[in-house]
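# Fold the following, please.
(chains A and B)
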Number of protein chains: 2
Amino acid sequence: MKICITGGAGFIGSHLTDLLIEKGNDVVVIDNLSLGTLDNLSNHKESRRFKFIKGDINDGPLVAKLFEKEDIEMVFHLVANSDISKSHDDPDVDYKNTFLSTYSLLKTMKASGVRKLAFASTSAIYGETTSELHENFGPLLPVSHYGASKLSSEAFISSFVSNYGFQAWIVRFPNVVGERATHGVIFDFINKIRKNPDELVVLGDGNQNKPYLYVKDLVEALYYIWQNSTEQINVFNAGVLSRTKVSTIAEMVIAEMGKGTKIKYMGGDRGWIGDVPSFNYNLDKVHKLGWHAKLSSDESVKKAIRYILGKS
Amino acid sequence: MKICITGGAGFIGSHLTDLLIEKGNDVVVIDNLSLGTLDNLSNHKESRRFKFIKGDINDGPLVAKLFEKEDIEMVFHLVANSDISKSHDDPDVDYKNTFLSTYSLLKTMKASGVRKLAFASTSAIYGETTSELHENFGPLLPVSHYGASKLSSEAFISSFVSNYGFQAWIVRFPNVVGERATHGVIFDFINKIRKNPDELVVLGDGNQNKPYLYVKDLVEALYYIWQNSTEQINVFNAGVLSRTKVSTIAEMVIAEMGKGTKIKYMGGDRGWIGDVPSFNYNLDKVHKLGWHAKLSSDESVKKAIRYILGKS
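Numbering: from 1, shown residues only, chains lettered A, B, ... in the order given. Prediction:
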């Protein structure tokens, strides 16, 4: 199948490119390289199955031309602002990059006759709650503009499905870690310790407790859900049931770096506004479909730390 | 209190203006008069408690100036495209008028320091389902762009609440009928019978079964929920438990018009794409808060028919 991956040069997109090509598909990546890099796609430079287009998904005419010329049958839409905390000061960061990119893509797909869409959604749509988060949880009250933008994207995907006969796969996943990541808590801790090996200052009280999903597990989930669910619109949580505390991440980073760093917690129940201190993901639906993550949250974090430190 | 009503010259907005002034508030209406009319507000022309500004809510600088000059403390946001079926051909109709109007307002409120917002949401966010629709129903898969735009509005209201300390009241309501309405099924039937008194052609099979809420009941609900719920973000269904079939509406219109018109049903389970054939609204939360609609669905429809026919 001829598949377009939006944001395919990014952290998750490039792993998805690897997987879809490995599975025998032709992949066209469109990416404006604002967050992604060509390095992430260097495995495929010589492949006849692969094509890269530098461009912005909000550029409707460019994308329409691409869809037509390449005869695209399916889109995996991964373009988004990937740094949730960044839009607190300016909601437009997420409005434009995370929401409008989706709405623009939907209109182009409508005009171009492309009708299949897989969408990278997020646990952030659920907002801050201690309830168990299954797919039919409500009300959906996201606390970040990122979560709001992803929920708005889901909303319009849904209305395009019913108005124009689209088929869609929406996968809601939590924090993702692993090779080619560019930011996040693990990076922050490593960078801070490199600057000051004596003391690691941690925002919050260290008790935020979240699941971390390994990026290769995630792209397997996207692929599996797409291949195995056949409704007109398919909504799935994907993730790991295990969770990792911020204090555990700090301790794992310190252990791997071997500098005997002391930890200082700044207090409070979250790292930044829009952060969700803790949540409890229900994965029954995707497990029943037959997909399970291979790595636990702690294993994923450890793998990510070792990769960043050049140990694996 | 000094309150701004966006879309206050429209069908629902003008009734809300009546009520808020009656309750002793000062009201500033902003409306671009694309759907609303000054006639709807003629009761208040001479009132010192009332001011009208012609303008578009998407015009941030104009709205910011208004908020500052009038010292606005609270906004009731009613601006929206009100004809759900219209955006099937062009999703931008709802994207711009129903969603972007909200997002633009939120940014202006953030900049202007206005922190209280009541929002007219809709049962259309729930999409097409036979499940009982309580406030915590999910997943939210709207079938119309109108529903998608209202859900997207809710999503950003939620993220503005948590990022900037807004307080919000979100009220999800179904079809509203009554004085000053400008379109909808009752209008359509009356207009069709005026053109051809012999036969009324009805889209669908007549079995669509929905609750119709009387506009004065609705604005009482908006007021009551705002006055009596105190969370940072308050989400309520408002409506009536009774429902009215399309075939019943047709029969009531024919009886009131007295022309002995025959009905011809075109078949199919809905009137137009994006229409929801039937739903089952749970109102426990708002009833527990202490609000109940005064009129049943049938009574509301009858009142609306008689008003349009000039009988009351």
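# Counting by contacts, list what the helix or strand hosting residue A:213 packs against.
Assigning secondary structure by DSSP states H and E places residue A:213 in strand A:212-214. Other helices and strands packing on strand A:212-214, by 3 or more CB pairs under 8 Å, 6 or more residues apart in numbering or on different chains; DSSP states H and E, are strand A:175-177, helix A:297-308. (Glycine included, C-beta is placed from N, CA and C.)
# Need the contact partners of that strand.
Residues outside strand A:212-214 that contact it (CB atoms under 8 Å, 6 or more residues apart in numbering or on different chains): A:173-178, A:238-240, A:243-244, A:293-295, A:297, A:299-301, A:303-304.
# Pipe the helices and strands packed on strand A:212-214 into a markdown table and attach mean neighbour count, distance to residue A:161 and mean pLDDT per row.
Output for these, formatted as a markdown table (neighbours: other CB atoms under 10 Å in any protein chain shown; distance: least, CB to CB, whole Å; pLDDT from 0 to 100):
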| stretch | mean neighbour count | distance to residue A:161 | mean pLDDT |
| --- | --- | --- | --- |
| strand A:175-177 | 25 | 25 | 94 |
| helix A:297-308 | 21 | 32 | 96 |
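# Out of those, flag the one nearest residue B:198.
strand A:175-177 (64.7 Å; CB to CB).
# follow-up on the earlier one: what strands flank the strand holding residue A:213, and is each parallel or antiparallel?
strand A:175-177 (parallel) (DSSP bridges).
# What pairs with the one helix or strand in chain A whose mean pLDDT sits lowest, parallel or antiparallel?
Within chain A, no helix or strand scores below strand A:280-281, which has a mean of 84 by mean pLDDT, DSSP states H and E. Looking at strand A:280-281 with DSSP bridges, its partner strands are strand A:132-133 (parallel).
# Is the nearest residue to residue A:8 once chain neighbours are set aside bridged to anything, and to what?
Spatially, and ignoring its direct neighbours in sequence, residue A:8 is nearest to residue A:29 (3.1 Å; CB to CB, 6 or more residues apart in numbering or on different chains). Following DSSP bridges, residue A:29 is listed with bridge partners residue A:5, residue A:52.
# Can you get me a residue count around residue A:29?
Neighbourhood size, residue A:29 [other CB atoms under 10 Å in any protein chain shown]: 28.
# didn't it look like it was pressed against residue A:54?
No: using CB atoms under 8 Å, residue A:29 is not in contact with residue A:54, being 9.4 Å away.
# what is the mean pLDDT for the strand holding residue A:213?
Averaged across strand A:212-214, pLDDT comes to 96.
# Return the set of buried residues in it.
Residues of strand A:212-214 classed as buried by neighbour count (16 or more other CB atoms under 10 Å in any protein chain shown): A:212-214.
# sorry, back to before: list the contacts of the residue nearest to residue A:8.
Contacts of residue A:29 by CB under 8 Å, 6+ apart are A:4-5, A:8-9, A:13, A:17, A:41, A:50-53.
# Which residue ranges of the stretch 51-200 of chain A form strands?
Listed in chain order, the strands of the stretch 51-200 of chain A (DSSP state E, counting those that start in this stretch) span A:74-77, A:116-122, A:132-133, A:167-173, A:175-177, A:199-202.
# tilt between the second one and strand A:167-173?
The one in question is strand A:116-122. 20 degrees (axes from the mean of the first three to the mean of the last three CA atoms, to 10 degrees).
# ok, and what's touching strand A:116-122?
A:12, A:73-78, A:80, A:102, A:105-106, A:109, A:146-147, A:150, A:153-154, A:157, A:166-174, A:222, A:225-226.
# partners of that strand, with directions?
In the sheet, strand A:116-122 lines up with strand A:74-77 (parallel), strand A:167-173 (parallel) (DSSP bridges).
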